[in-house]
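>>> Next one to model:
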Amino acid sequence: MPDDAAAARAAAEEESAFSHSPVDPDVTAAYGDHPDQVIDFYAPRPGPDATSLAPLVVVLHGGAWRARYDRRHITPFADYLARRGFAVANVEYRRGGAGDAAADGTPPAGRWPDTFDDIAAALDALPALVREALPQADPRRTVLTGHSAGGHLALWAAARHVLPADAAWRTDGPAPLRGVVALAPIADFEVAEKLDVCGHASLQLLGGQDGFALRRPYTDPVLLLPTGIATTLVQGRSDLVVPQQVAESYAEAAAKAGEVAGLTLLEDVGHFPLIDPAADACAVVAEEIAQLAW
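Numbers count the residues shown, from 1 in each chain. Presented below is the predicted three-dimensional model:
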């Protein structure tokens, strides 16, 4: 259990991250018929000059794949990136609803297979949607980022070409990405479950004990290596929500698979400063994205 000081700091960090007003997008486009199958687009500010286009950052929000957390909470982060000159696509997707809450009242994490269907469909639809909604963006310089559960989805989306051959989401080749910047990602389900990350959210995401072992090879980033796509993980050492052991396990697995996954560990930083425009850690995240994008 965290000590009182660590818990108080974590609570203050969360309060700061959620204190910003949501920022409306410039354009919203649908990639499916469900209300959650939408992408918000933020134009770069200041916009690129007439001879250049802005790199595109695709943002996947976290929240333990649970419906109570939607894309609105990460819109200040999306706006922050837009103000640093990036074109931004903030993706919504179906998450676990409140209808099947656990005995303790915790809503379920994720919808199987809908959550994964949506991320695959959104990424597949993105090039055409970007051309229409965000002509200032250069899709040839796309970086995928995500926070917490969204960090998992970012790593997973970049690994679709190495999914098992019978996976419906498998692609013929790697996604045209400059790279992935995963922020405190739930990157190893086995380690996450040992640490009870987000109330056993990854176990719920895969449908409970019966589905966990069966579905992990199709969904767990640590089992989908190497990807051949440049990957950086940014992790706070003081993270009480997704402890650094999860990111470290992924980085170690990547190394064993012959791939280098960068791991940036930030001292005295917890879970939420990574997406908080008021925090120094957020500037570190933007720089990691810039190193891949520009």
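>>> contacts, neighbours, all on C-alpha from now
OK.
>>> Where do the helices of the stretch 101-250 of the chain begin and end?
114-133, 149-157, 189-194, 201-205, 209-219, 244-256 (DSSP state H, counting those that start in this stretch).
>>> any weak-confidence spans in the stretch 1-150 of the chain?
Along the stretch 1-150 of the chain, segments meeting pLDDT under 70 span 1-2, 48-51, 98-105.
>>> What residues does A137 make contact with?
Counting by C-alpha atoms under 8 Å, 6 or more residues apart in numbering, A137 makes contact with A43, L53, A54, P55, L56, F86, A87, V130, R131.
>>> Can you tell me, leaving aside adjacent residues, what's nearest to it?
Take A137 and drop its neighbours on the chain: the residue closest to it by C-alpha to C-alpha, 6 or more residues apart in numbering is A54, 4.8 Å away.
>>> Could you count how many residues lie near the one you found?
27 (other C-alpha atoms under 10 Å).
>>> that older thread, now which of the contacts of A137 would you call buried?
Among the contacts of A137, those scoring as buried are A43, L53, A54, P55, L56, F86, A87, V130 (criterion: 16 or more other C-alpha atoms under 10 Å).
>>> Tell me the spatial nearest neighbour of the last one, not counting adjacent residues.
If you skip the residues right next to it in sequence, V130 has A137 as its closest partner in space, 7.1 Å away by C-alpha to C-alpha, 6+ apart.
>>> What sits closest to G47 if chain neighbours are left out?
With C-alpha to C-alpha, 6+ apart as the criterion, G47 has its nearest non-adjacent residue at 6.8 Å, and that residue is G85.
>>> Any idea how many residues pack against that neighbour?
Neighbour tally, G85, other C-alpha under 10 Å: 20.
>>> Could you grab the helix/strand/coil label for it?
Secondary structure, DSSP: H, G, I helix; E, B strand; the rest coil: G85 is coil.
>>> now it: how far from L126?
Using C-alpha to C-alpha, to the nearest Å, we find G85 at a distance of 19 Å from L126.
>>> Find the centremost residue of the protein, please.
For the chain, the residue sitting closest to the mean C-alpha position, by C-alpha atoms, centre = their mean, is G146 at 2.0 Å.
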